[in-house]
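Visitor: structure for the following, please:
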Amino acid sequence: MPDPLDPQALQRRLVALQAEHPELDPLAVLVLLAVRQSDAARESGVSTALMSRRLGIEHALIRRAAAELEAGGWVTATPAGGASPALRLILPATC
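Guide: Predicted coordinates for the structure are as follows:
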């Protein structure tokens, strides 16, 4: 089974989604694509910490993109729990 957070596959989709939604920052588009590709995106959500490690992008940047997406209604962000600064990103039913 292909990795849902595979950077090469996400890069191909990034161009199409960014053309469709030019108002989104390129990193926000990448984060949105990663969430959409995750099997857990509608149930338990996708951890921003895991996404940061898999994509090789600093966690603070992922969180900033997640905040942009949440403000625009693209995802719902909830604390991952514990002392971790990670968030769980969940797609709303309308996405």
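
Visitor: beta partners of Ile90?
Guide: Ile90 has these beta-bridge partners by DSSP bridges: Thr76.

Visitor: residues touching the closest residue to Arg88 other than its chain neighbours, list them.
Guide: Nearest non-adjacent residue to Arg88, counting by CB to CB, 6 or more residues apart in numbering: Gly45, 3.3 Å away. (Glycine included, C-beta is placed from N, CA and C.) Gly45 makes contact with 76, 78, 88-90, according to CB atoms under 8 Å, 6 or more residues apart in numbering.

Visitor: give me the pLDDT for Gly45.
Guide: The predicted local confidence for Gly45 comes out at a pLDDT of 85.

Visitor: so how far is Ser84 from it?
Guide: Taking CB to CB, to the nearest Å as the measure, Gly45 and Ser84 are separated by 13 Å.

Visitor: equivalent analysis for Leu55, please.
Guide: Distance from Leu55 to Ser84, counting by CB to CB: 18 Å.

Visitor: what does Arg53 give?
Guide: With the distance defined as CB to CB, Arg53 ends up 13 Å from Ser84.

Visitor: also Leu24?
Guide: As it turns out, when the distance is counted by CB to CB, Leu24 lies 26 Å from Ser84.

Visitor: what's the neighbour count on Leu24?
Guide: Applying other CB atoms under 10 Å, we find 19 other residues in the vicinity of Leu24.

Visitor: state the phi and psi torsions of it.
Guide: Leu24 adopts backbone torsions of phi -90, psi 140, taken as degrees, to the nearest 10.
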